[in-house]
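> below are the sequence and a predicted model; questions follow.
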Amino acid sequence: MRIPLSLIAALALCLPLVAQAATSINERHPLGAGGRVEISNIAGKVTVRGWDRSDVALTGSLADGLTLKQDKSSNRVRWEVEYPRGRSNGGATLELRVPRSVEVQLGTISADIDVADIDVRRLQANSVSGSITAAGRSGETTLNTVSGGIRSQLQTARLEARTVSGQLLAGGGASGEVAAESVSGRVNVNAGRIQRLAVETVSGSLDVSATGMAPGGKVTMQTVSGSVALKLPVNVSAQLNVKTFSGGIQSDAGQVEKPRYGPGSSLDARLGAGDGDISINSHSGSVRVSLGR
Amino acid sequence: MNPPDSDHDALTARLHALPAERVPPARVWQAIAAQLPAQSAAPSPAATVSTLSTRRRRGRWPLRVGLGLAAALALLMVVPTPVPNTPAPSLLQRQADAMAGEYQQAIAALPNAEVTEEWRPALHELDASADTIRAAIAENPRSRYLLGQLQRTYALRLELTQQAVLSTGLPT
């Protein structure tokens, strides 16, 4: 039997397409409350959604040459996308479904992380250049990037967010303990009732508001050259202390004092009964404290 | 006793009778010439006197300059001078210097690997930020929170450098 030459040519043309075809994945593992699921992926995207089931599911596709390594136990599952040495043709697109009250740990290099509709005990997401977007509920939350942005709308009692140059936006009900750090990226925190709030940047601006402070609550804001804006309700109860070296101070409460000789400005004011502590330090950035809502 | 006018006239006459220019005796010139360095042409006694006089005048200038410098030096050594406006580094600055040294040692101890593009901008950003903070400490050397900021920046730089070095084997 003679095979037509044209058919051979057509098959030969299709071979690279077959070779580059993505590999679909569809994995499941039972995971009870308190269990932990971990995802590690370098490039592509990682999406996490919650559901009302008692197992965790991973679907998606892997680019050619990538493999999925699994490590499972009764209380823990780890999925890691393994990349071949050298440059790969693409990344992995993963979608993770998680039950309630589990711990979720995500790590990427350039892959973006998108988390929503979750209700977990703990969320930890780390990326280098990828962005992190998170929404839903989490008992404790840690979000770290290097150059990627962070946008959190999580309701969480403890939030730690850190970036170097990415923008950091935290809202949606972060309350209790909030720690946000950046080097040059702008930090914007819109918090609920605060017990502990610590925000630091080197050159990035800080814009923080809170609906209230718990009795004995503490707010600390520090920057070298970034501008600082703090908005608190008018009935807040705290001792306010602001210090700058060369930055200006504007405040709805208290009087700005300057030494007779030398640089520096400071402000000390008692807000309400003065229960909590608000401390703002800036080297050259300006400071604005507003009381109003 | 002679009257004063006659005495004055006699003195004036004797003064006028003196020679206008007194030439030293020849043996004096010979003694002087023997102590002078040899010259190609033997100068006349008058010319020699003139040259000696010029040399003495010229020779006095280095002496005067030297004496002036010595006096100025003595004045500088004896009279207390104001200290230049470079205050000694504060404790906080010394701590910052020590911290920078330790950080550089820690970085140098890491394997020398080329970091990938994902990491490079952030590492540069951290280096620039550390410089910014150190400049701020130099301006305000009593600000302890700046030292905390510097420590945080260095710690982050070290941590990310370690991660970047570890990830160099990974594909891009």
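Okay, I see it. Nothing here was measured: the structure is a model prediction, and the numbers come from that model. Numbering: from 1, shown residues only, chains lettered A, B, ... in the order given.
> mind exporting stretch A:270-284 as CSV, just the C-alpha atoms?
Output in CSV follows, covering the C-alpha atoms of stretch A:270-284 (Å, rounded to 0.1, in the frame of the first residue of the first chain):
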residue,chain,number,x,y,z
ARG,A,270,-4.6,63.6,73.3
LEU,A,271,-7.5,62.3,71.3
GLY,A,272,-10.6,61.5,73.4
ALA,A,273,-9.6,59.7,76.5
GLY,A,274,-6.2,58.8,75.1
ASP,A,275,-6.5,55.1,75.5
GLY,A,276,-4.4,53.9,72.6
ASP,A,277,-1.2,55.0,71.0
ILE,A,278,-0.6,56.5,67.6
SER,A,279,3.0,57.0,66.6
ILE,A,280,4.1,58.5,63.3
ASN,A,281,7.7,59.0,62.3
SER,A,282,8.9,60.5,59.1
HIS,A,283,12.3,61.7,58.0
SER,A,284,11.4,63.9,55.1
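> average model confidence for it?
The pLDDT scores in stretch A:270-284 average 96.
> buried ones in it?
A:Leu271, A:Gly272, A:Gly276, A:Ile278, A:Ser279, A:Ile280, A:Asn281, A:Ser282, A:His283, A:Ser284 (16 or more other Cβ atoms under 10 Å in any protein chain shown). Placement of C-beta: from N, CA and C, glycine included.
> same check, this time on stretch B:145-163
Within stretch B:145-163, judged by 16+ other Cβ under 10 Å, the buried ones are B:145-147, B:149-150, B:152-154, B:156-158, B:160-161.
> in the chain, which ranges drop under the pLDDT threshold?
Defaulting to chain A. A:1-21, A:86-88, A:293 (pLDDT under 70).
> that's the other chain; I wanted chain B
B:1-8, B:11-12, B:15-63, B:65-86, B:169-172.
> care to break it down by domain?
Domains of chain B are assigned by automatic domain parsing as B:47-79, B:91-169.
> relative to chain A, which of those is closest?
domain B:91-169 (4.3 Å; Cβ to the nearest Cβ).
> does chain A sit close to the closest one?
Yes. Counting by Cβ under 8 Å from any Cβ of the partner chain, chain A is contacted by domain B:91-169 at B:118-119, B:121-122, B:125-126, B:129, B:132-133, B:136, B:139-140, B:143, B:145-146, B:148-149, B:152-153, B:156, B:160, B:163, B:167, B:169.
> in helices only, show me those residues.
B:121-122, B:125-126, B:129, B:132-133, B:136, B:139, B:145-146, B:148-149, B:152-153, B:156, B:160, B:163 (DSSP state H).
> now for the buried residues of stretch A:270-284: which two are most distant?
A:Gly272 and A:Ser284 (30.3 Å; Cβ to Cβ).
> just the strands in the stretch 101-250 of chain A please.
For the stretch 101-250 of chain A, applying DSSP state E, counting those that start in this stretch gives strands covering A:103-108, A:112-126, A:132-144, A:150-162, A:168-170, A:176-181, A:187-200, A:206-223, A:228-232, A:238-244, A:249-251.
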